[in-house]
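Asks: Got a sequence here, can you build the structure:
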Amino acid sequence: MILMCDSVTCYVMGYEGLREHLRKRLGIEFGQTSADGRFTLLPVACLGACDAAPAVMIDETLHGKLTTQLLDTVLEQYS
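Replies: Numbers count the residues shown, from 1 in each chain. Presented below is the predicted three-dimensional model:
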């Protein structure tokens with residue numbers, strides 16, 4: 001489960017680019033599960049990590065200050 005913060009802070013700090021990157025990489029939109037069943041992508045209003053924006057939570061682990069490159073590295077941990 002990938003919860004993607006779409007708060008104002010995350011939005012300003014790069015949310016749109018990360019969302020588009022995830023959409024292309026995983027081949028899914030919000031509310032969908034990847035074809036391999038590994039990831040479900042959901043928006044969330046706030047993860048309470050504004051100091052680490054943009055942020056996502058995968059399972060129960062928060063990942064912040066993300067770039068598309070760092071997000072790819074994070075996703076590899078869940079392969």
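
Asks: for the protein, what spans make up the strands?
Replies: Along the chain, the segments classed as strands by DSSP state E run 2-5, 41-44, 56-58, 61-63.

Asks: I figured Thr68 was touching Arg19, is that so?
Replies: No. Checked against Cβ atoms under 8 Å, the pair Thr68 and Arg19 is beyond contact range at 10.5 Å. From N, CA and C alone the C-beta is placed, and that goes for glycine too.

Asks: Now do the contacts for Gln77.
Replies: Contacts for Gln77 were tallied using Cβ atoms under 8 Å, 6 or more residues apart in numbering; there are none.

Asks: count of residues packed around Asp6?
Replies: 17 (other Cβ atoms under 10 Å).

Asks: residue contacts, it?
Replies: Asp6 is in contact with Tyr15, Arg19, Pro43, Val44, Ala45, counting by Cβ under 8 Å, 6+ apart.

Asks: how many other residues sit next to the third one?
Replies: Counted by other Cβ under 10 Å, the residues lying close to Pro43 total 13.
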